[in-house]
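Trainee: from the sequence below, what's the structure:
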Amino acid sequence: CFVFPQSGSSFHVFDQGQFAKEVLPKYFKHNNMASFVRQLNMYGFRKVVHIEQGGLVKPEKDDTEFQHPYFIRGQEHLLENIKRKVTSVSSIKSEDVKVRQDNVTKLLTDIQVMKGKQESMDSKLVAMK
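Mentor: Below is the predicted model of the structure:
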C-alpha cells in the first residue's frame, strides 16, 4: 500500500484507496486522501513528479511519491525541522503593505487610463463608421 524506496528520501503510496481505507484511520480522524495530501503540503512535503510523467500526464499506475528535504531514512534528528507552515498577519511588514497598496493604486490608475483610451477609440470608430 505504501513503501519507502531504497534511497530513503521519499515515500510512495501505491494504492491510494487501500491507503485511505486502512492506514489513514489508524493515525488520523479521517480516511480522506485529499485531506492527507493537504496536510503533507502544509508541512512542506511535495509530490515528486518524474520527467517521464511530464507533470501533465496522469501516471498509469496508482503510485504517488512524496518527499521533504528533512525526511531522510536514518536521519531521525532532522524530523524536528519538519514544521507546519504558519502565516501570521503580524509577520507582514508595514513597508510590504505600503508597497502593495502603492502597486494596487498604480494598477487602478493604469486601468482608468486604459478605459479612457478605449472609450476614445470607441467614439472615433463610431465617427468613422
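Trainee: longest helix of this structure?
Mentor: Looking across the chain with DSSP state H, the single longest helix is helix 94-128.
Trainee: the closest residue to Met42 other than its chain neighbours and Val48, how far apart?
Mentor: Using C-beta to C-beta, 6 or more residues apart in numbering and skipping the chain neighbours, the partner closest in space to Met42 is Arg84 (5.4 Å). C-beta coordinates here come from the backbone N, C-alpha and C atoms, glycine included. According to C-beta to C-beta, to the nearest Å, Arg84 stands 21 Å off from Val48.
Trainee: and these two? which has more neighbours close in?
Mentor: Val48 (14 against 8; other C-beta atoms under 10 Å).
Trainee: please report phi then psi for the more buried one.
Mentor: phi -90, psi 120 (degrees, to the nearest 10).
Trainee: wait, doesn't it sit right on Phe71?
Mentor: No. Val48 is beyond contact range of Phe71, at 11.7 Å (criterion: C-beta atoms under 8 Å).
Trainee: identify the contacts common to these two.
Mentor: Common neighbours of Val48 and Phe71 (criterion: C-beta atoms under 8 Å, 6 or more residues apart in numbering): Ser10.
Trainee: what segments of the chain are strands?
Mentor: 2-3, 10-13, 46-47, 64-67 (DSSP state E).
Trainee: closest to Glu76 out of the ones you listed?
Mentor: Closest approach to Glu76 among the strands of the chain is made by strand 10-13 (14.9 Å; C-beta to C-beta).
Trainee: nothing else from me, thank you.
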